[in-house]
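Asks: Quick one, what's the 3D model for this:
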Amino acid sequence: MRTRHRCALFSSAILTASLGVLAVTGPAHADPPAASLVEDGAYPGAAAILATQNVRLLAGDGHIIIADCATPPSGGFGVLKVYTTDETIGADGIGRVCFKVNAAAGWLNLEVPGVYEIRGDGQSTGTGHEVTAELTTDTGDQITVDVDPDGSTQVGLGADPDNEPTILLQLRAGDGPAPVAGTQPAIGKLVTADHSCTATLIGREWALTAATCLTPNSAQGTLVDGPPAGDTHLVLPGKTPIAITHLLPRTDRDAVLAKLATPVTDVAALHLSHTTPAIGAVLPGTGYSRTATTWTTDTQQTAATTVTAVTATTLVGTFSGGPVCKGAAGSPVLNANGDVVAIRTHSGQADCFDTTAGTTAVTDTRVDDIAAWTAEQTWTGFDDQAEPWYTPDGWNSSQAKYSAGDFNGDGKTDLAAFFDYDNSSTGLWTWTRNSNGGYDHVKLWQTPEGQLTQPAMTPLTGDFDGDGNIDIAAFYGHVSWMTSLFIWNGNGDGTFGPQTEPWYTPDGWNSSQAKYTAGDFNGDGKTDLAAFFDYDNSSTGLWTWTRNSNGGYDHVKLWQTPEGQLTQPAMTPLTGDFDGDGNIDIAAFYDHVSWMTSLFIWNGNGVGTGRI
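Replies: Numbering: from 1, shown residues only. Prediction:
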């Protein structure tokens with residue numbers, strides 16, 4: 001046994017919890033119609049326990065709970081037994097009260113007077129939880145005792161009849177927050193000195209949660225840009241706790257970014273949505289909360305929000321599929337793509353443990369409209385250069401052309417490239433990320449014997465057939481007198497269907513310097529194409545190819561160079577919504593006379609025809 005006497009008062013966190021005061025505030029926002037989902041640590045049913053067992057239970061994390069002293073051992077662990085000089089304490093009339101430790105770490109603030117002995121919960125030598133006990137004497141002397149895990153530890157009068165009586169104020173097991181589990185590796189539990197909630201990894205060094213999860217870190221009682229007020233950790237499934245070093249709160253809603261002391265490099269962060277959910281959308285939310293039957297859980301719980309209203313900063317709705325209880329504050333609410341659209345903050349807490357009444361009302365804080373702010377705040381630059389692949393001997397890479405897209409639907413961007421890989425033919429290859437952090441490369445196609453292999457062409461990526469999978473397209477001068485449009489339709493798993501050739505240049509077109517891009521010009525959800533072609537050896541035209549109902553393409557000439565103007569070099573067009581009307585436009589810088597380059601823009605009208 002090691003006993004340490006201290007005359008100083010306990011930490012403010014212990015005193016605050018002991019007094020039942022929870023100084024948890026956040027940025028100003030409208031009062032919600034339901035209760036906060038922050039796990040405040042208040043012991044469930046404390047009043048009834050005080051009345052029946054004369055034990056005052058104040059607050060904890062749910063990992064040390066009062067228990068029947070006759071509880072049989074499980075997994076080598078029994079119960080902690082606390083003996084007192086007051087026979088009215090406990091349920092068996094001998095002044096004994098017992099506690100169950102149900103996790104590797106936990107804490108409980110309480111008041112038990114007259115304590116003289118504490119017995120560990122180990123059932124044999126070398127077993128039992130490592131537990132410390134905080135006690136105080138009538139004169140205010142503070143004592144910390146390491147409890148023998150599988151034996152008896154005398155305190156107060158038990159250690160020396162001349163000692164003052166002692167009051168047990170805290171039991172603490174283990175070191176740091178308890179581990180958590182779940183199928184969503186980026187969703188963790190955020191733990192402070194006296195309460196907890198849920199947080200989501202949205203970058204290697206950043207997590208997103210509700211501002212009300214965190215004790216105010218300023219004298220004004222509201223969160224400010226700076227470090228948290230006390231020890232705060234994020235615990236991800238299967239990971240050791242990571243300290244939070246800095247907070248970046250929003251001032252207009254219940255949301256805060258928390259910076260991690262150590263970057264997480266082996267867990268894929270979740271992305272924030274840029275799209276506001278529609279009324280009636282059913283959105284799952286996952287977090288660590290009370291259930292219908294237990295105070296706390298270290299396993300992820302999921303329930304859905306059905307959206308009934310959207311405000312400037314919140315989603316209002318009802319929950320289903322399970323209760324939304326304390327501890328769920330900060331839980332990510334996801335759309336069909338798995339992107340975070342909101343975080344949970346309040347609910348009516350119907351069917352939650354220690355709730356006698358409640359509703360299924362739920363309020364979630366929107367984050368879809370602050371995705372750009374979040375990205376700006378969490379930008380951390382680049383890691384050191386990596387080299388996951390290089391060309392084998394003999395490959396000619398001088399005219400390699402490449403593009404990128406998510407070909408297997410795993411949320412990671414893959415690569416596609418044309419390489420002259422054996423000096424006699426050109427191949428189209430893809431590189432997809434594998435579980436080892438490297439890339440698997442596969443040859444999709446090669447030029448048939450006797451066809452041109454150079455110049456290589458730049459592949460374009462997009463959903464050209466509208467099936468939700470990323471495809472590859474390219475204009476290719478595979479014979480000296482003709483350029484074809486080739487398309488490889490993706491299957492969504494990293495493989496592709498057979499090459500198709502929906503269009504080729506008419507006789508006489510000079511395609512040697514064709515430049516092209518892609519975009520959805522008619523708003524049908526399918527990616528279209530635009531290209532500059534020297535189509536009659538005297539002028540250059542801008543053409544578009546839009547998908548038709550037959551699976552082919554309708555091509556339209558939008559523009560051609562006026563007589564007397566330069567037709568070469570052709571320029572690469574760019575696509576984007578340049579006028580902000582929601583339709584995709586085309587822009588290009590063009591050397592149309594020898595002494596001047598102009599910026600040309602063709603504004604799309606959303607139906608696939610240009611405004612000339």
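Asks: What about residue 267, how many residues nearby?
Replies: Applying other C-beta atoms under 10 Å, we find 17 residues neighbouring residue 267. Where you see a C-beta, it was placed from the backbone N, CA and C, and this is true even at glycine.
Asks: And for the one 3 residues further on?
Replies: Under the neighbour criterion other C-beta under 10 Å, residue 270 is assigned a count of 21.
Asks: again, but for residue 395
Replies: So residue 395, with other C-beta under 10 Å, has 15 neighbours.
Asks: Can you pull out the low-pLDDT segments for the stretch 101-250 of the chain?
Replies: 220 (pLDDT under 70).
Asks: mind redoing it with 50?
Replies: Counting by pLDDT under 50, the stretch 101-250 of the chain contains no low-confidence residues.
Asks: where do the strands sit along it?
Replies: Per DSSP state E, counting those that start in this stretch, the stretch 101-250 of the chain carries strands over the ranges 106-112, 115-119, 131-137, 142-147, 152-154, 166-173, 187-191, 196-203, 206-209, 233-235, 242-249.
Asks: Could you do the stretch 501-612 of the chain as well?
Replies: 510-519, 528-534, 540-547, 553-560, 574-576, 585-593, 596-602.
Asks: what's the closest of these to residue 273?
Replies: strand 574-576 (20.5 Å; C-beta to C-beta).
Asks: other SSEs contacting the closest one?
Replies: strand 510-519, strand 585-593 (3 or more C-beta pairs under 8 Å, 6 or more residues apart in numbering; DSSP states H and E).
Asks: Please repeat the previous calculation with a cut-off of 10 Å.
Replies: strand 510-519, strand 528-534, strand 585-593 (3 or more C-beta pairs under 10 Å, 6 or more residues apart in numbering; DSSP states H and E).
Asks: Any chance of these in CSV with distance to residue 239, mean pLDDT and mean neighbour count as columns?
Replies: Below are these laid out as CSV (distance: least, C-beta to C-beta, whole Å; pLDDT from 0 to 100; neighbours: other C-beta atoms under 10 Å):
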stretch, distance to residue 239, mean pLDDT, mean neighbour count
strand 510-519, 40, 78, 19
strand 528-534, 45, 87, 25
strand 585-593, 46, 82, 18
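Asks: Would you reformat those strands as TSV and include distance to residue 370?
Replies: TSV is the format used below for those (distance: least, C-beta to C-beta, whole Å):
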stretch	distance to residue 370
strand 510-519	27
strand 528-534	32
strand 585-593	27
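Asks: For residue 605, find the nearest of those.
Replies: Taking the helices and strands packed on strand 574-576 one by one with C-beta to C-beta, strand 585-593 is closest: 9.5 Å.
Asks: tell me the angle that closest one makes with strand 553-560.
Replies: Angle of strand 585-593 versus strand 553-560, following axes from the mean of the first three to the mean of the last three C-alpha atoms, to 10 degrees, is 40 degrees.
Asks: Output the contacting helices and strands for strand 585-593.
Replies: Applying 3+ C-beta pairs under 10 Å, 6+ apart, we find strand 585-593 packed against strand 510-519, strand 528-534, strand 540-547, strand 553-560, strand 574-576, strand 596-602.
Asks: Kindly recompute the last result at 8 Å.
Replies: Looks like strand 585-593 contacts strand 540-547, strand 574-576, strand 596-602 (3+ C-beta pairs under 8 Å, 6+ apart).
Asks: what bridges to residue 602?
Replies: residue 586 (DSSP bridges).
Asks: Which pLDDT does the model give it?
Replies: We have a pLDDT of 87 for residue 602.
Asks: from memory it sits against residue 532, does it?
Replies: No. Counting by C-beta atoms under 8 Å, residue 602 does not reach residue 532; the two are 11.7 Å apart.
Asks: if we can go back for a sec, and the helices and strands packed on strand 574-576: which comes nearest residue 161?
Replies: strand 510-519 (87.3 Å).
Asks: list the contacts for the spatially most central residue of the chain?
Replies: With distances taken as C-alpha atoms, centre = their mean, residue 270 lies nearest the centre of the chain, 3.1 Å away. Going by C-beta atoms under 8 Å, 6 or more residues apart in numbering, residue 270 touches 186-187, 200-202, 332, 334, 338-340.
Asks: And residue 293, by the same measure?
Replies: Contacts of residue 293 (C-beta under 8 Å, 6+ apart): residue 353.
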